[in-house]
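1. Okay, predicted coordinates and the sequence, questions at the end:
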Amino acid sequence: MPSQSIVINNQAQSTDIQSDSVAHVTELFSGIQGEGPYVGQRQIFVRFTGCDLRCQWCDTPASLVTSGSTKPVTIEKKAGERIFETAQNPLSVEFLASAIADLEIDIPHHSISLTGGEPLLQANYIKELIKSLKSNFHFKPAIYLETGGHRPNELKQIIDLVDYISFDLKLPSSTADKVLWKEHKEFIEVAKAKAGYAKAVLTDETLDSDLEMACEILAGALNKFDLVLQPAYRLSDKVKYNSPTPEQVLRWQSLAIGKLGRGRVKVIPQTHKFIGQL
Ligand code: SF4
């Protein structure tokens, strides 16, 4: 196990937390993609720890807390059998690449999902991880990046190595967090070199003007990416937001189709939550 440690500050810029050789990871497992157009595909999920955003509907709170964290990483030992071991964070490239390759030996996966938290906060490490997987393990699955879509500079570091990008357009009226339109525009300029799609989460308080802005940004990127509208899942009675009503979802899909065109806007909920998957 690596002895080097890094401290990740939740509010810090990515340059403060990057390391080539070690990363903080929350969990590693084989599972079923539950979102977007690749829903249902079998993937290896690497959930990186740390995020600089705080979406009110975030369903991975365990992956947000990083500052000085000594939480161990949970690692599935055989793909899909849900038998886990723990290892001490941070993880070396060699250790994580080997654990990922072990899962791929069990089942041929469609792709490896680099998710979080915000994986691009540890882009330097991801670059080394993908290189190691491809060169040392002759890794065949595609590389599927799931990101908040607001870190263009970090995306540039790994764009040549990823195959597919699932990115968010954060609607401020939905996230109750920062306004990121400028960051999203810059991100898409980099992302359009690869395949992927954009996702916008809807609550009952989503504003038309936010959705219109998201569509304008997508249309400005040569219409390269389709849009998935994802109704927010109501996590508990304690959260402040509500899921959108069926009527709202229909109206917002109509609005987005009007901006982006026929066939380019799908409504896809988080399906893994309906079938008891991680
Ligand atoms: S970007 Fe993702 S991980 Fe970060 S707070 Fe939002 S939903 Fe959670």
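-> Here it is on my side, so go on. Residues are numbered from 1 along each chain as shown.

2. ok, now how distant is the residue nearest to residue 72 when sequence neighbours are not counted from residue 238?
-> Nearest in space to residue 72, with sequence neighbours left out and distances taken as CB to CB, 6 or more residues apart in numbering, is residue 86 at 4.0 Å. The C-beta positions use only the backbone N, C-alpha and C, and glycine is treated the same way. Using CB to CB, to the nearest Å, residue 86 is found at 28 Å from residue 238.

3. got it, and residue 36?
-> In terms of CB to CB, residue 36 sits 27 Å off from residue 238.

4. Quick one: residues contacting residue 201.
-> If you count contacts by CB atoms under 8 Å, 6 or more residues apart in numbering, residue 201 has them with 55, 57, 168, 171, 174, 175, 230, 231, 232.

5. Just say helix, strand or coil for it.
-> Per DSSP: H, G, I helix; E, B strand; the rest coil, the local secondary structure of residue 201 is strand.

6. who in the protein is up against the ligand?
-> Within the chain, the positions lying close to the ligand (CB under 6 Å from any ligand atom) are 51, 53, 54, 55, 58, 60, 116, 117, 118, 148.

7. go again using 8 Å as the cut-off
-> With CB under 8 Å from any ligand atom as the criterion, the chain meets the ligand at residues 51-55, 57-61, 63-64, 116-118, 148, 168, 170, 175, 177.

8. The residue nearest to residue 72 looks like it's in a strand, true?
-> Yes - assessed with three-state DSSP, residue 86 lies in a strand.

9. wait, what's in contact with it?
-> 72, 73, 74, 75.

10. what sits opposite the closest residue to the second one other than its chain neighbours in the beta ladder?
-> So that's residue 73. Once flanking residues are discounted, residue 73 sits nearest to residue 25: 4.5 Å by CB to CB, 6+ apart. Taking DSSP bridges, one obtains residue 48 as the residues bridged to residue 25.

11. and which of the contacts of residue 86 is nearest residue 189?
-> Among these, residue 73 lies closest to residue 189 (CB to CB), at 33.4 Å.

12. ok, that closest one - contacts?
-> Under the criterion of CB under 8 Å, 6+ apart, the neighbours of residue 73 are 24, 25, 26, 27, 28, 86, 87, 88, 89, 91.

13. Also residue 57?
-> 174, 175, 201, 203, 232, 233, 235, 239, 241.

14. and which of the residues you listed is nearest to the ligand?
-> Nearest to the ligand, judged by CB to the nearest ligand atom, of these is residue 175 at 6.8 Å.

15. So the closest one is in contact with residue 149, correct?
-> No - counting by CB atoms under 8 Å, residue 175 does not reach residue 149; the two are 11.9 Å apart.

16. partner residues bridging residue 199?
-> When bridges are called by DSSP bridges, residue 199 pairs up with residue 168, residue 228.

17. do you know how far it is from the ligand?
-> Remark: distance between residue 199 and the ligand (CB to the nearest ligand atom, to the nearest Å) = 11 Å.

18. ok, that residue - contacts?
-> The contact partners of residue 199, taken as CB under 8 Å, 6+ apart, are 35, 36, 166, 167, 168, 169, 227, 228, 229, 230.

19. go again using 6 Å as the cut-off
-> 168, 228, 230 (CB atoms under 6 Å, 6 or more residues apart in numbering).

20. Ok, residue 49 next?
-> 24, 26, 63, 66, 117.

21. Save those as CSV, and put in distance to residue 207 too.
-> Output for these, formatted as CSV (distance: CB to CB, whole Å):
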residue, distance to residue 207
24, 35
26, 32
63, 28
66, 31
117, 27
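
22. Surely residue 225 and residue 197 touch.
-> Yes - between residue 225 and residue 197 there is a contact under CB atoms under 6 Å: 5.5 Å.

23. Grab the nearest non-local neighbour of residue 268.
-> For residue 268, the closest residue by CB to CB, 6+ apart turns out to be residue 228, at 5.2 Å.

24. Burial check on the one you found, number of neighbours?
-> Using other CB atoms under 10 Å, residue 228 has 22 other residues around it.
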